[in-house]
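*Asks:* here is my input; please provide its structure:
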Amino acid sequence: MELHERLRKQGPTGAYAEEDPFAGVKNRVHQYVIAELGPQLYQHDMDPAALRSRVVAVIRSELAEEQGLSRDDRERLTEEISDDTLGHGPLEKLLADPTVSEIMVNGHREVWIERDPKVDGYLSQK
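*Replies:* Residues are numbered from 1 along each chain as shown. Here you go, the predicted structure:
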């Protein structure tokens, strides 16, 4: 089981929540993206924005084949799968948050964050 699956299953009390209903779809699409794009994912000379666009396009085309997914579910899955493929999975949102000053992962069940009280993430910086 991957880190993002473990984090998602863990509830606020530390107990595991029910299984992610999209885990099978996410794993299948993730494997498809890796098989489809292969070495392109690791080319250092490729523009990161172009690579992300390419990965998102492949994910969206594959998710379009799935029956019973709402538009919101497709967008959320696209974001989660692209974060897993190109970045640090469920930690990506924390890494992009300007208020987060430190992330400590002490295992798949224990992730701690520190926020910088001087940074206001909701107001634009001047």
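*Asks:* so how far is stretch 90-98 from its chain's centroid?
*Replies:* In this view, stretch 90-98 has its centroid 9 Å away from the chain centroid, taken as Cα atoms, centre = their mean, to the nearest Å.
*Asks:* same question for stretch 23-40.
*Replies:* In terms of Cα atoms, centre = their mean, the centre of stretch 23-40 is found 13 Å from the chain centre.
*Asks:* which parts of that stretch are buried?
*Replies:* Buried residues in stretch 23-40, defined by neighbour count with 16 or more other Cβ atoms under 10 Å: V25, K26, N27, V29, H30, V33, L37. C-betas here are computed from N, CA, C, even on glycine.
*Asks:* quick one: contacts of it?
*Replies:* Where contact means Cβ atoms under 8 Å, 6 or more residues apart in numbering, the residues beyond stretch 23-40 that reach it are 5, 20, 41, 46, 51, 54-55, 58-59, 62-63, 66, 69, 77, 80-81, 84-85.
*Asks:* quick one, which of those are buried?
*Replies:* The neighbour-count test (16+ other Cβ under 10 Å) marks 5, 51, 54-55, 58-59, 62-63, 69, 77, 80-81, 84-85 as buried among the contacts of stretch 23-40.
*Asks:* from those, which ones fall inside helices?
*Replies:* 5, 51, 54-55, 58-59, 62-63, 77, 80-81, 84-85 (DSSP state H).
*Asks:* out of those, who's nearest V105?
*Replies:* Proximity of these to V105 was ranked by Cβ to Cβ; the top entry is E5 with 14.6 Å.
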